[in-house]
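Novice: What follows is a predicted structure for the sequence shown.
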Amino acid sequence: MKRRILKGLCLCLSASLFFSCSSKKDKKINSDVLNHHVIITYLTTGSKPTDSGTSEMLERLNERLTKLVNAELVIYYIPWNNYQTNYNLKLAEKDGSIDLIGTATDWLDAWKNASLGNFMPLSDEMIQKYAPKTWASVSKDHWDVCRLNGDIYMFPEDNFTQWTNHGFMYRLDWAKEAGLNGVHSWEDLTKYLDYVKKNKDVIIPWNSNGSPSTFQPEGYIRSKSDFIIADGITSTNMFGARKSNLKKLYSPMYEGKELVEYAKLMREWNLKGFWPSDVLTNNGGNLDNREQFSAGETAIEQHHTQTWYTQIYNKLKKQVPGADSGFFWFGEESQNIVYQTITHGAMAISAASKHPERAMMVYDLLRNDKECYELINYGIEGVQYKKNSQGYREPIPGSHGIVTNYWWGRNDDLEVRDTATAWDVFDNINRTYNQYKIDYPFGQIVWDLSNVGSELDAVTSVYGQYMGNICYGQKADPEGYVAEFRRELKKAGIEKLISEFQRQLDSFYSNRK
């Protein structure tokens with residue numbers, strides 16, 4: 001009995017401290033909210049960990065969450081295999097089994113799910129009351145990016161510096177051997193891979209797993225033009241505008257010369273043997289191209305800039321003495337880089353959450369409380385990581401790490417730099433990107449997909465049928481094959497899509513006057 005009384009007193013004190021800026025009426029409401037212990041389920045993409053590190057961290061985190069807001073956190077994982085479909089299906093269940101939802105407008109259908117009623121609309125007052133620190137830290141302009149019909153549908157990850165633009169990591173030492181001053185164009189990349197194929201005893205220059213999503217043509221298109229992707233329409237990056245004419249929507253998949261030139265180049269790469277001959281049928285097997293690149297067994301790896309400087313740069317140097325790496329970023333030739341939307345990572349509340357107020361309180365702590373932040377992002381200090389004399393964190397040998405995939409509320413004010421990241425490389429490329437970057441221009445557009453759902457499905461299906469062959473040069477007549485692809489896109493209704501999204505773009509600019 002004494003323990004229960006003490007726990008109740010602690011919770012009342014915590015509630016009083018947590019909402020010290022609220023009115024007396026709000027304090028009573030919030031005390032009522034906190035008077036029973038709840039479980040908040042956080043949904044994220046990624047594979048569920050099999051070791052004990054994450055559960056150990058959660059036990060420690062939940063002690064603090066219980067103390068502060070009488071709640072504990074559990075994690076629900078959506079595995080990467082067919083993740084987009086399974087993610088959307090889980091959200092559509094709306095059975096109350098999830099509360100916090102990791103989402104994104106550019107790769108996780110955030111606006112689609114908001115429009116379908118899978119996310120809870122949040123008023124300004126709700127966020128001010130239940131997530132006050134987050135409310136205070138996000139600017140009005142950034143909140144407006146998260147609105148639909150006046151309500152806020154997600155918390156943006158707007159105070160975290162990262163570069164998730166894609167490109168190719170390559171061996172800088174090998175490029176120099178090939179007579180190149182690094183790789184700075186697709187022509188350089190072709191010369192580099194050709195040199196590796198002829199001179200290096202590696203498995204294959206690019207041991208790709210054959211996924212078109214690993215090698216979408218928009219990387220080439222952005223390098224050879226000023227194309228900017230319009231996020232939130234399709235995950236296949238089919239629609240956008242040119243920097244030189246942001247008011248004209250178009251699809252480089254359907255028009256323009258870049259896709260044709262890309263298809264021809266990929267045919268050349270295929271004939272030169274830059275990837276496995278069975279690239280579209282081997283399904284990857286146990287292949288991990290990233291690990292092979294880090295071990296010096298393949299010549300390129302395609303992913304984010306951030307993956308290069310946080311995971312690969314130092315790892316390659318450690319595993320292969322004398323090796324060095326560079327990064328050829330998509331858009332480098334045309335200096336075409338867009339700083340990602342602040343909703344590339346965001347957190348939403350499930351429309352069916354039984355405890356939305358508590359979910360917001362938990363999120364506010366994960367984002368802003370130093371102890372909670374370090375636990376959810378790094379694990380337990382002294383058990384899973386330690387800080388060196390410079391204050392950088394490093395893993396403790398033999399410990400189990402954590403897998404929380406918390407990409408939806410990171411905060412530069414609380415970040416602890418790690419010893420694995422090449423911070424000098426980060427600082428250098430950050431300066432380069434800052435010279436050329438533009439802010440994402442369409443952050444306040446919520447594309448309405450409701451009247452073109454069947455056409456979107458049909459066009460996306462055509463893309464899936466053709467893109468693997470285009471990306472990996474499987475057809476003897478690439479120009480003819482692209483023409484066939486475009487005829488099928490027309491039959492599927494792409495012109496209706498372009499017309500509809502142009503209408504919405506016109507409306508957006510008209511309303512800004």
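Specialist: Yep, it's here.
Novice: ok, now which ones touch A422?
Specialist: Listed by Cβ atoms under 8 Å, 6 or more residues apart in numbering, the contact set of A422 reads Y309, T310, Y313, N314. No exception for glycine: its C-beta is placed from N, CA and C like everyone else's.
Novice: buried stuff in stretch 410-419?
Specialist: Within stretch 410-419, the residues scored as buried using 16 or more other Cβ atoms under 10 Å are R410, N411, L414, E415, D418.
Novice: what's the answer for stretch 331-339, then?
Specialist: Result for stretch 331-339 [16+ other Cβ under 10 Å]: buried residues G331, E332, E333, S334, N336, I337, V338, Y339.
Novice: about what we covered before: put together a markdown table for the buried residues of stretch 410-419, with distance to Y466 and pLDDT on each row.
Specialist: A markdown table is the format used below for the buried residues of stretch 410-419 (distance: Cβ to Cβ, whole Å; pLDDT from 0 to 100):
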| residue | distance to Y466 | pLDDT |
| --- | --- | --- |
| R410 | 37 | 96 |
| N411 | 42 | 97 |
| L414 | 45 | 97 |
| E415 | 42 | 96 |
| D418 | 41 | 92 |
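Novice: burial of the nearest residue to L108 once chain neighbours are set aside, as a residue count?
Specialist: In space, and not counting its chain neighbours, L108 is closest to Y87: 6.5 Å by Cβ to Cβ, 6 or more residues apart in numbering. Residues lying near Y87 (other Cβ atoms under 10 Å) number 21.
Novice: pretty sure Y87 contacts Y77?
Specialist: No: assessed by Cβ atoms under 8 Å, Y87 is found out of contact with Y77, at 10.6 Å.
Novice: Tell me the secondary structure at the residue nearest to L108.
Specialist: Using DSSP: H, G, I helix; E, B strand; the rest coil, the structure places Y87 in helix.
Novice: residue contacts, it?
Specialist: L43, T45, I78, L108, D109.
Novice: just checking, which of those residues belong to strands?
Specialist: Of the contacts of Y87, the ones assigned to strands by DSSP state E are L43, T45, I78.
Novice: Of those, just say which sits nearest to K248.
Specialist: T45 (33.6 Å; Cβ to Cβ).
Novice: where's the closest one relative to W407, distance?
Specialist: 8 Å (Cβ to Cβ, to the nearest Å).
Novice: Find residues that contact each of the two.
Specialist: With contacts defined as Cβ under 8 Å, 6+ apart, the residues shared by T45 and W407 are G102.
Novice: for T41, phi and psi?
Specialist: Here is the backbone geometry of T41 (degrees, to the nearest 10): phi -100, psi 120.
Novice: hey, where'd the strands end up in the stretch 101-250 of the chain?
Specialist: Secondary structure of the stretch 101-250 of the chain by DSSP state E, counting those that start in this stretch: the strands cover 147-148, 151-152, 155-156, 166-171, 227-229, 240-242, 245-250.
Novice: ok so, going back, and of the buried residues of stretch 331-339, the nearest to W135?
Specialist: Closest to W135, out of all of the buried residues of stretch 331-339 and judged by Cβ to Cβ, is Y339, at 23.4 Å.
Novice: Helix, strand, or coil at E484?
Specialist: E484 - assigned by three-state DSSP - is helix.
Novice: Please report how far the residue nearest to it when sequence neighbours are not counted lies from N270.
Specialist: Leaving aside its chain neighbours, E484 sits nearest to Y466 (7.7 Å; criterion: Cβ to Cβ, 6+ apart). With distances taken as Cβ to Cβ, Y466 is found 15 Å from N270.
Novice: And for A422?
Specialist: 33 Å.
Novice: Likewise for Y192?
Specialist: Y192 is 17 Å from N270, by Cβ to Cβ.
Novice: ditto for F327
Specialist: Taken as Cβ to Cβ, the span from F327 to N270 is 24 Å.
Novice: Comparing these two, which shows the higher neighbour count?
Specialist: More crowded of F327 and N270, by other Cβ under 10 Å: F327, with 24 against 19.
Novice: Can I take it that the more buried one is in a strand?
Specialist: Yes: with three-state DSSP as the criterion, F327 is part of a strand.
Novice: low-scoring pLDDT stretches of this structure, where are they?
Specialist: 1-32, 212-214, 283-287, 513 (pLDDT under 70).
Novice: Give me the residue at the spatial middle of it.
Specialist: Closest residue to the average C-alpha location of the chain: H344 at 5.5 Å, with Cα atoms, centre = their mean.
Novice: what's the spacing between that one and I229?
Specialist: 12 Å.
Novice: Need the overlap of contacts for those two.
Specialist: Counting by Cβ under 8 Å, 6+ apart, the residues touching both H344 and I229 are D106.
Novice: what's the neighbour count on the closest residue to L265 other than its chain neighbours?
Specialist: Once flanking residues are discounted, L265 sits nearest to W186: 6.6 Å by Cβ to Cβ, 6+ apart. Using other Cβ under 10 Å, W186 is surrounded by 20 other residues.
Novice: ok, now how distant is W186 from I498?
Specialist: 27 Å.
Novice: In the buried residues of stretch 410-419, find the pair that's most separated.
Specialist: N411 and D418 (15.6 Å).
Novice: quick one, helices of the stretch 1-150 of the chain?
Specialist: 2-18, 24-33, 53-69, 83-93, 110-115, 124-130, 132-137, 140-145 (DSSP state H, counting those that start in this stretch).
Novice: who's in contact with the residue nearest to the centre of the chain?
Specialist: Counted by Cβ under 8 Å, 6+ apart, H344 has contacts A104, T105, D106, W107, E157, T164.
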